[in-house]
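Chemist: Have a look at this prediction, sequence included:
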Amino acid sequence: LLTLIIFHLTLYFERPKTHCEHHRDSVQTTSPDGLPLVGAYVPQCDENGLYVPEQCHGSTGYCWCVDSRGQERAGTRTGPGSPSVDCRTGETMWFHPNSTWYIYCDAESLINVFNSTIKMRTLII
């Protein structure tokens with residue numbers, strides 16, 4: 001009975017699909033028959049539904065790093081047999097401890113926010 005209750009609660013509190021999961025699902029059902037297109041790139045999502053930092057195209061062997069929106073990070077694409085880039089650097093995740101939301105931002109965006117804040121503060125003083 002306890003297992004049944006836990007299973008029911010798990011279904012009841014299922015989180016909504018993320019951008020990555022919607023993207024992945026749309027690619028997997030894009031043929032007229034609702035089947036995956038052969039050779040299409042399918043985004044990889046982690047257990048939280050976020051884009052895995054390193055994405056690879058199974059048909060071509062190319063891999064690249066993506067930001068939290070799934071956009072390719074410039075200069076990270078590698079070909080088949082090439083050593084891969086460490087995709088875990090250059091992006092920071094902010095987690096709100098009392099919630100289930102996450103904010104991802106890349107290092108460049110953080111720098112821009114800090115610089116803008118400093119400029120605004122200088123103008124005010």
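Modeler: That came in fine, so what should we check first?
Chemist: okay, CA-based contacts and neighbour counts for the rest of this
Modeler: Noted.
Chemist: can you pull the contacts of Ser82?
Modeler: If you count contacts by Cα atoms under 8 Å, 6 or more residues apart in numbering, Ser82 has none.
Chemist: Glu21 versus that one, what's the distance?
Modeler: Per Cα to Cα, to the nearest Å, Ser82 is found 28 Å from Glu21.
Chemist: pLDDT value on Cys105, please?
Modeler: We have a pLDDT of 57 for Cys105.
Chemist: just checking, Leu59 touches Leu37?
Modeler: To be clear, residue 59 is Ser; Leu isn't right here. No: counting by Cα atoms under 8 Å, Ser59 does not reach Leu37; the two are 11.5 Å apart.
Chemist: which of the two has more neighbours?
Modeler: Higher neighbour count among Ser59 and Leu37: Leu37, with 15 against 10, using other Cα atoms under 10 Å.
Chemist: Can you classify the more buried one by secondary structure?
Modeler: Assigned by DSSP: H, G, I helix; E, B strand; the rest coil, the conformation of Leu37 is coil.
Chemist: residues contacting it?
Modeler: Val27, Gln28, Thr29, Thr30, Ser31.
Chemist: Repeat the analysis, applying 7 Å as the threshold.
Modeler: For Leu37, the contact set (Cα atoms under 7 Å, 6 or more residues apart in numbering) comprises Gln28, Thr30, Ser31.
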